[in-house]
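Undergrad: Here's my sequence, what's the structure:
(one chain, ligands or ions: 1)
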Amino acid sequence: MVIFNDGVAETETPDSNVVETDVLIVGSGPAGSSAALFLSSLGVPNIMITKYRWTANTPRAHITNQRTMEIFRDLGIEEQVLADATPHHMIGDTVFCTSIAGEEIGRILTWGNHPARHADYELASPSLNCDIPQTYLEPILVKNATMRGTQTQFSTEYLSHTQDDDGVSVRVLNRLTGSEYTIRAKYLIGADGARSKVAADIALPYEGQMDIAGSMNITFKADIAELVGHRPSVLYWVVQPGSNIGGIGAGLVRMVRPWNEWLIVWGFDINEGTPEVSEEDARQVVRNLIGVPDLDVEITGISLWGNNEQYATHLQKGRVFCAGDAVHKHPPSNGLGSNTSIQDSYNLAWKLAAVLNGQAGEELLETYSTERAPVAKQIVTRANQSGREFVKLFEALGIDKAETPEEMLALIESRKDSTPEGAAKRRAVQEAMEIKNYEFNAHGVELGQHYVSSAVVGDGSTKPAPQRDPELYYEPSTHPGVRLPHAWVGDNARKYSTHDLAPYGQFTLFTGITGEDWTTAAQKVSDQLGVTVKTVVIGPGQDITDLYFDWSKLRGVEEDGAVLVRPDKHIGWRADRLPANPEAALLDTVSAILNRGA
Ligand SMILES: Cc1cc2nc3c(=O)[nH]c(=O)nc-3n(C[C@H](O)[C@H](O)[C@H](O)COP(=O)(O)OP(=O)(O)OC[C@H]3O[C@@H](n4cnc5c(N)ncnc54)[C@H](O)[C@@H]3O)c2cc1C
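TA: Below you'll find the predicted structure:
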């Protein structure tokens with residue numbers, strides 16, 4: 001009898017009623033689905049479970065910053081993301097107004113779209129930022145993870161776990177059958193969001209508070225192209241009576257799809273309990289903020305969420321790790337939530353792979369907390385400060401003291417007065433708008449993350465003091481711990497980013513022609529440690545040339561020196577010159593980064 005084989009790999013059934021895997025991921029949001037994608041791309045067996053039948057049902061996250069886009073480029077999915085995204089040049093003419101059809105208070109060019117800032121963004125990365133709603137991004141991540149090996153289980157709920165020296169036993173509930181079963185994994189990642197049960201079960205330590213303000217999302221369809229198409233943005237902030245409550249500071253009309261699908265974020269007073277919002281109420285909010293009383297609106301959803309100001313100071317316990325909103329909980333200001341969640345998983349997955357493959361000591365995993373907990377604190381602080389800074393605009397307009405809607409409207413109107421008070425108000429509004437650069441053009445926050453841990457080996461130098469404001473501006477450097485600077489290099493036929501030459505599955509050593517001896521050294525270290533350390537020699541006559549001479553300005557070492565890049569594109573170490581024994585230097589360094597012991 002012919003046995004047909006259509007090439008589809010079968011799922012092996014377990015011998016017992018315990019399912020086994022290397023890594024179990026709880027949650028298929030940005031943190032969980034990206035962790036699954038990273039692990040599967042590195043060949044690590046993993047199962048991802050998620051409580052619901054599908055991915056995110058509201059388009060919460062959208063701004064996808066350059067660091068995240070670089071990661072997608074590394075994983076080979078950047079084009080898929082761009083195909084579903086609103087591009088960089090259409091996301092940045094951010095408007096502050098009294099309604100979308102009404103008067104403008106001011107505009108700010110955001111997300112690097114100001115010509116004076118655009119160069120910073122172009123120079124910093126091979127990838128520009130874009131806007132992709134979470135409802136579009138998650139399916140791309142889940143699809144690619146699953147195609148590369150992840151076993152994805154929808155309608156499967158994490159219940160509890162126990163851990164021992166060899167692994168974690170996780171009790172899960174199949175919500176379709178109502179039956180419980182156990183998954184035995186070597187490691188568990190809790191990517192189960194801001195109300196993480198996994199984090200609660202390992203009693204992660206937190207600082208800050210949850211639910212400090214209430215927000216409501218109203219999603220709707222309405223074609224308002226003629227009101228916005230000439231000033232394309234994802235964000236239209238509406239200062240209007242009734243909108244300056246809650247955590248956001250103003251009513252926000254956010255583009256989901258240009259220019260007929262939208263999301264309104266509307267604050268409510270959390271101390272007054274949960275508001276009852278009918279479809280008719282929601283339609284009225286939409287019409288008020290758009291400023292068109294008879295606008296044809298289809299309400300597609302209403303949901304409530306809490307604004308938080310809380311971060312974990314340690315992200316793991318034994319074999320259990322938490323990532324994403326489970327460890328940093330904050331308002332959407334600066335658009336950092338999903339981005340940071342994906343970047344957490346990018347940091348964690350290569351370390352798990354290295355330990356599981358026997359290439360690294362288990363202590364490497366501790367550096368996940370050491371490196372990412374300070375980032376969690378930084379972004380929670382930044383996002384909340386950005387939210388609070390909206391008050392400066394209200395103060396500038398004088399409306400923070402308004403007691404009635406009429407008074408508020410009169411105060412907004414008085415910014416036009418031809419009086420010394422009117423002139424002072426205009427100056428104050430301008431200054432308040434300038435501060436919003438810290439929310440919408442915080443390039444340094446997005447790209448300037450710097451790790452200090454045992455997985456980074458110092459070179460004796462101190463990190464250079466920033467020349468410009470470190471929150472607004474990213475300054476490239478190869479100081480150990482920072483992100484690899486981007487430069488275009490290549491040859492007469494191809495152009496690569498330095499990031500393209502340092503893919504996720506390996507360590508990469510950049511050097512110049514007089515540093516060619518590093519190549520043999522790196523090969524010997526690779527053989528000895530069983531870890532890929534690939535050398536890229538950049539210079540004329542080599543496979544890769546320094547096309548614009550940018551790399552030689554950025555590399556921060558002499559031509560015969562070397563820059564060692566970790567799989568996650570952070571600098572693990574650098575040597576200013578070729579030492580007498582490059583093999584010994586590299587062996588010591590890679591062994592130290594991987595916690596291989598003596
Ligand atoms: C209005 C709004 C706008 C935003 N805009 C941006 C932005 O522009 N840019 C940005 O970067 N971020 C933004 N964010 C933040 C972003 O949405 C979050 O930071 C992001 O979703 C966090 O991802 P996560 O994977 O950690 O958690 P979540 O997305 O919350 O995912 C949690 C996952 O865990 C699963 N789960 C939960 N409990 C269990 C359980 N017991 N068992 C099994 N599965 C479970 C859920 O099903 C889900 O799949 C915004 C948020 C809001 C509300």
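Undergrad: Now the phi/psi pair for residue 219, please.
TA: phi -100, psi 140 (degrees, to the nearest 10).
Undergrad: Surely it is in contact with residue 300?
TA: Yes - the pair formed by residue 219 and residue 300 meets the contact definition of CB atoms under 8 Å, at 4.6 Å. Glycine gets a C-beta too; all of them are placed from N, C-alpha and C.
Undergrad: So for those two, which sits in the more crowded spot?
TA: Using other CB atoms under 10 Å, the more surrounded residue of residue 219 and residue 300 is residue 219, with 23 against 15.
Undergrad: okay, the helix or strand that contains residue 186 in PDB with CA atoms only?
TA: Secondary structure assigned from DSSP states H and E places residue 186 in strand 180-190. This file holds the C-alpha atoms of strand 180-190, laid out as PDB (Å, rounded to 0.1, in the frame of the first residue of the first chain):
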ATOM      1  CA  GLU A 180      -7.100  20.500  32.600                       C
ATOM      2  CA  TYR A 181      -3.700  19.100  31.800                       C
ATOM      3  CA  THR A 182      -0.100  19.600  32.600                       C
ATOM      4  CA  ILE A 183       2.700  21.000  30.400                       C
ATOM      5  CA  ARG A 184       6.200  20.300  31.600                       C
ATOM      6  CA  ALA A 185       8.700  22.800  30.300                       C
ATOM      7  CA  LYS A 186      12.300  23.600  31.100                       C
ATOM      8  CA  TYR A 187      11.400  27.300  31.300                       C
ATOM      9  CA  LEU A 188       8.200  29.300  31.600                       C
ATOM     10  CA  ILE A 189       7.700  32.800  30.200                       C
ATOM     11  CA  GLY A 190       4.800  34.800  31.600                       C
END
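Undergrad: So for it, what gets flagged as buried?
TA: For strand 180-190, a neighbour-count test (16 or more other CB atoms under 10 Å) marks 182-190 as buried.
Undergrad: Reformat these into JSON lines and put distance to residue 17 and pLDDT next to each item.
TA: Listed next are the buried residues of strand 180-190 as JSON lines, based on distance: CB to CB, whole Å; pLDDT from 0 to 100:
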{"residue": "182", "distance to residue 17": "7", "pLDDT": "97"}
{"residue": "183", "distance to residue 17": "11", "pLDDT": "98"}
{"residue": "184", "distance to residue 17": "11", "pLDDT": "98"}
{"residue": "185", "distance to residue 17": "15", "pLDDT": "98"}
{"residue": "186", "distance to residue 17": "19", "pLDDT": "98"}
{"residue": "187", "distance to residue 17": "21", "pLDDT": "99"}
{"residue": "188", "distance to residue 17": "19", "pLDDT": "99"}
{"residue": "189", "distance to residue 17": "23", "pLDDT": "99"}
{"residue": "190", "distance to residue 17": "24", "pLDDT": "99"}
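Undergrad: ok, which residues in the stretch 151-300 of the chain are in contact with the ligand?
TA: With CB under 6 Å from any ligand atom as the criterion, the stretch 151-300 of the chain meets the ligand at residues 157-158, 191-193, 197, 217, 265.
Undergrad: State the number of residues packed around the nearest residue to residue 35 once chain neighbours are set aside.
TA: What sits nearest to residue 35 in space, not counting adjacent residues and going by CB to CB, 6 or more residues apart in numbering, is residue 345, at 3.8 Å. Neighbours of residue 345 under the rule other CB under 10 Å: 31.
Undergrad: and residue 345, what is it in contact with?
TA: Shown in contact with residue 345 (CB atoms under 8 Å, 6 or more residues apart in numbering): 31-32, 34-35, 38, 189, 191, 323-324.
Undergrad: Which pLDDT value goes with it?
TA: Residue-level confidence at residue 345 comes out at 99, pLDDT.
Undergrad: just to revisit the earlier point, the strand holding residue 186: partners in the sheet, and parallel or antiparallel?
TA: strand 18-26 (parallel), strand 168-174 (antiparallel), strand 320-322 (parallel) (DSSP bridges).
Undergrad: Is any residue of the longest one near the ligand?
TA: Yes - using CB under 6 Å from any ligand atom, a contact is recorded between strand 18-26 and the ligand, made by residue 26.
Undergrad: Beyond that strand, next helix or strand please.
TA: helix 30-41.
Undergrad: Which strands and helices lie in contact with that following helix?
TA: strand 18-26, strand 46-49, helix 134-147, strand 180-190, helix 337-356 (3 or more CB pairs under 8 Å, 6 or more residues apart in numbering; DSSP states H and E).
Undergrad: can you put the ones you listed in a markdown table and add distance to residue 259?
TA: Output for these, formatted as a markdown table (distance: least, CB to CB, whole Å):
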| stretch | distance to residue 259 |
| --- | --- |
| strand 18-26 | 36 |
| strand 46-49 | 35 |
| helix 134-147 | 16 |
| strand 180-190 | 38 |
| helix 337-356 | 23 |
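Undergrad: Which of those sits closest to residue 82?
TA: Of all those, it is helix 134-147 that lies closest to residue 82, at 10.5 Å by CB to CB.
Undergrad: which other residues reach that closest one?
TA: By CB under 8 Å, 6+ apart, helix 134-147 touches 28-30, 33-34, 36-37, 40, 48, 55-62, 64, 75, 77, 80-81, 84-85, 152, 338.
Undergrad: Kindly report the same for stretch 150-162.
TA: So stretch 150-162 is contacted by 11, 21, 25-26, 28, 36-37, 39-40, 46-54, 142, 145-146, 168-176, 180, 188, 190, 192, 197-198, 201, 320 (CB under 8 Å, 6+ apart).
Undergrad: Put the buried members of these into a PyMOL selection.
TA: Restricted to buried positions by 16+ other CB under 10 Å, the PyMOL selection for the contacts of stretch 150-162 reads:
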select buried, resi 21+25+26+28+36+37+39+40+46+47+48+49+50+51+142+145+146+168+169+170+172+173+188+190+192+197+198+201+320
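Undergrad: any idea how far residue 24 is from the ligand?
TA: Distance of residue 24 to the ligand, given as CB to the nearest ligand atom, to the nearest Å: 10 Å.
Undergrad: leaving aside the residues next to it on the chain, what's closest to that residue?
TA: Counting by CB to CB, 6+ apart, residue 185 is the residue found nearest to residue 24 once chain neighbours are left out, at 3.8 Å.
Undergrad: So that neighbour is in contact with residue 23, correct?
TA: Yes - if you go by CB under 8 Å, residue 185 and residue 23 touch, sitting 5.8 Å apart.
Undergrad: overlap in contacts of the two?
TA: residue 47.
Undergrad: what comes up buried for the helix or strand residue 119 falls within?
TA: Assigned by DSSP H and E, residue 119 falls within helix 115-124. Buried positions in helix 115-124, judged by neighbour count with 16+ other CB under 10 Å: 117-118, 120-121, 124.
Undergrad: Check which helices and strands that helix is in contact with.
TA: Here helix 115-124 touches helix 443-447, going by 3+ CB pairs under 8 Å, 6+ apart.
Undergrad: is the helix it packs on anywhere near the ligand?
TA: No - Helix 443-447 stays clear of the ligand (CB under 6 Å from any ligand atom), getting no nearer than 10.0 Å.
Undergrad: by contact count, what packs against that helix?
TA: Using 3+ CB pairs under 8 Å, 6+ apart: helix 443-447 touches helix 66-74, helix 115-124, helix 366-388.
Undergrad: out of the buried residues of helix 115-124, which one sits closest to residue 358?
TA: Distance to residue 358 across the buried residues of helix 115-124 (CB to CB) is lowest for residue 124, with 36.2 Å.
Undergrad: so who does that closest one touch?
TA: For residue 124, counting by CB under 8 Å, 6+ apart, the contacting residues are 66, 443, 447, 474, 476, 485-486.
Undergrad: Point out where the stretch 1-150 of the chain drops to low pLDDT.
TA: The model of the stretch 1-150 of the chain has pLDDT under 70 over residues 7-8.
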